[in-house]
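> what shape does this take:
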Amino acid sequence: MSTMLEGPARDPAWRFILVLDEVDRQRDAPPTLIPALARLPELIPCLTTVFIVTAPPAGFLRTTAAVYLHFPPYTKPEFVRILSLSPPPAISGATQLETTDLWTRFCAAVHDAFVRSASRSLPSFRHSCQALWPRFTAPVVAGTYSPKEFSKLLVAARVHFQDESLLNPGIVSVRPEPSSATMTTTAVPPAASSRSFATTTTTAASYLTALLPIAARLILLAAYLASHNPTRHDLTLFSTYHHGRKRRRGGGSFANRGTPRTKHRRIARKLLGAHAFVLERMMAIFEAVRSEWSPDGSSVGSTGLDGDIGMAIATLASLRLLVKVGAGDMMDRSGKWRINVGWESIRGIGRSIGVEVEEWLVE
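Modelled structure (predicted):
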């Protein structure tokens, strides 16, 4: 090899082939021997090294065993162009050309609305377009708008773009749409309207109760009490210093004890808007009631702000059930929050774990 390195230049087609048989069975061979032999052709231009091994291990030559190819995500023009190659059939009241043009603009609108959040892949993007297309073109079929009035069609279909149940029906059930007979009704009795509203509220509360775990329900209840009870009553409601148990609760009877009845009836706190509260106060209420409110056989983690409780708070914040007030870090215990859940839902959540929230409210 030294002769080959020091010798005169040879014909480029001339090759010297070095074959090493059973090279993996060397006795007391250093780990760098085989990689060094593999790199010899980089130093000697006319040398070719061939290894014959019995059972090559992984990373034999310190090179990757597979080639990785990076496929970048589709851009918006590519998404729209791919779906434009297979447009839907012509809708009623429009030609095939008008339907194709409307489909192209519709795909661009769906891309702007869903690609970053829900439809990042081509199959999910195609599913979103196919799910929203019949509802988007319903005004054209009904004769309300023409296919060229894209802006009006987009405004009319705004509610469908905001309904996540259309895009993921396996997780969120699709709510039944009102029938034509209901839409053509001219007058509805007030009693029937109130019953319908109560039924809708109860259904929403039951959905919320079924979707949330025990820890998230307890955090919501603690947040509601922190938002609607004055701070000065926390020691009376949640202290365990004297008797080892929570002191007298019960609809705020002690709040007006010893004072004459006022002339004007005060509005119940549960009917007023939610006030901002400090996260540390909510966690203190949660720590005080978690052992008493937890259903039998359930566990909400260890004492303190553990990973499960932090994940529950982050989940409630992402669902907009707890809203951060002001700037700052989400887990800052001195930060202020506000609950975004109404009284009916909170009462349903409390009753699902055997807690009457009215007993813990101070009027």
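> all strands for the protein, in order.
Using DSSP state E, the strands of the chain run over residues 16-21, 47-52, 277-278, 322-325, 336-339.
> what's the closest of those to F136?
Among the strands of the chain, the nearest to F136 by C-beta to C-beta is strand 322-325 (31.4 Å). In this view, the C-beta of every residue, glycine as well, is placed from N, C-alpha and C.
> pLDDT score for the closest residue to P41 other than its chain neighbours?
Among residues not flanking P41 along the chain, L47 sits closest, at 4.9 Å (C-beta to C-beta, 6 or more residues apart in numbering). The confidence metric pLDDT takes the value 83 at L47.
> pretty sure L47 contacts L37?
No - assessed by C-beta atoms under 8 Å, L47 is found out of contact with L37, at 10.2 Å.
> follow-up on the earlier one: ok, so what distance separates the residue nearest to P41 from V23?
16 Å (C-beta to C-beta, to the nearest Å).
> V110 is nearest to which of the strands of the chain?
Among the strands of the chain, strand 322-325 comes nearest to V110, with 28.4 Å by C-beta to C-beta.
> that closest one - what's its average pLDDT?
Strand 322-325 carries an average pLDDT of 88.
> and for stretch 131-144?
Mean predicted lDDT for stretch 131-144 stands at 90.
> domain assignment for this structure?
Here the domain parsing of the chain from automatic domain parsing is 2-52, 76-174, 207-253+268-360.
> want to throw those domains into TSV with distance to H70?
Formatted as TSV, these follow (distance: least, C-beta to C-beta, whole Å):
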stretch	distance to H70
domain 2-52	27
domain 76-174	16
domain 207-253+268-360	31
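> let's have those domains in JSON lines, adding mean neighbour count.
Output for the domains of the chain, formatted as JSON lines (neighbours: other C-beta atoms under 10 Å):
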{"stretch": "domain 2-52", "mean neighbour count": "11"}
{"stretch": "domain 76-174", "mean neighbour count": "15"}
{"stretch": "domain 207-253+268-360", "mean neighbour count": "16"}
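> quick one: contacts for T315?
Listed by C-beta atoms under 8 Å, 6 or more residues apart in numbering, the contact set of T315 reads A216.
> now with 10 Å?
T315 makes contact with L212, P213, A215, A216, I219, L321, L322 under the criterion C-beta atoms under 10 Å, 6 or more residues apart in numbering.
> between those residues, which is nearest I309?
Out of the contacts of T315, the member with the shortest distance to I309 (by C-beta to C-beta) is A215, at 6.2 Å.
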